[in-house]
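A.B. asks: just need the structure, nothing else, for what follows:
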Amino acid sequence: MTDPILRRRIAQIAGDSSRVLFTRHARMRMRTRKVLPTQVLHVLRLGYVAEPAHRNIRGNWQCTLEAHVAGEQVRVAAALMTDSEGEWVVIVTVMN
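C.D. replies: Residues are numbered from 1 along each chain as shown. Down below sits the predicted model:
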């Protein structure tokens with residue numbers, strides 16, 4: 001999968017915030033780094049690819065997106081996951 005295609009798919013799925021899942025690790029990092037869920041959603045919807053698309057250890061497509069939001073650069077490692085209910089965006093970790 002190419003970077004532009006993965007970025008568009010993530011942005012499209014993240015248009016419905018109920019399709020975005022945060023791992024425990026991502027929530028801990030968000031709390032530590034004082035990054036809000038709304039900032040993460042902004043990055044998913046409007047960010048650019050900072051680290052290229054690749055398959056993660058679980059076989060899902062993943063990339064790191066980045067955007068300037070609320071006065072700071074925020075990076076979000078996000079993966080696409082598919083199950084019987086459709087596609088989801090899984091937030092792996094959050095950096096700033």
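
A.B. asks: residue 49 in helix, strand or coil?
C.D. replies: Assigned with DSSP: H, G, I helix; E, B strand; the rest coil, residue 49 falls in the strand class.

A.B. asks: for it, give its distance to residue 84.
C.D. replies: According to Cβ to Cβ, to the nearest Å, residue 49 and residue 84 sit 29 Å apart. Every residue, glycine included, has its C-beta placed from N, CA and C.

A.B. asks: neighbour count for the two, which is higher?
C.D. replies: Comparing residue 49 with residue 84 by neighbour count (other Cβ atoms under 10 Å), the higher total belongs to residue 49, at 16 against 4.

A.B. asks: that one reaches residue 7, doesn't it?
C.D. replies: Yes. Assessed by Cβ atoms under 8 Å, residue 49 is found in contact with residue 7 at 5.4 Å.

A.B. asks: shared neighbours of these two, anything?
C.D. replies: Contact with both residue 49 and residue 7 is made by residues 63, 65, according to Cβ atoms under 8 Å, 6 or more residues apart in numbering.

A.B. asks: this structure: helices as residue ranges?
C.D. replies: Here the chain has its helices, by DSSP state H, at 3-14, 24-33, 37-46.

A.B. asks: just say which of the ones you listed is most tucked in.
C.D. replies: helix 37-46 (a mean of 19; mean count of other Cβ atoms under 10 Å).

A.B. asks: residue ranges with poor pLDDT in this protein?
C.D. replies: Judged by pLDDT under 70, the chain has no weakly predicted residues.

A.B. asks: list the contacts of the strand ranked longest in it.
C.D. replies: Ranked by number of residues, the top strand in the chain under DSSP state E is strand 72-83. When contacts are defined by Cβ under 8 Å, 6+ apart, strand 72-83 is touched by residues 6, 9-10, 13, 21, 35, 39-40, 42-44, 47, 50-51, 56, 58, 60-68, 87-96.
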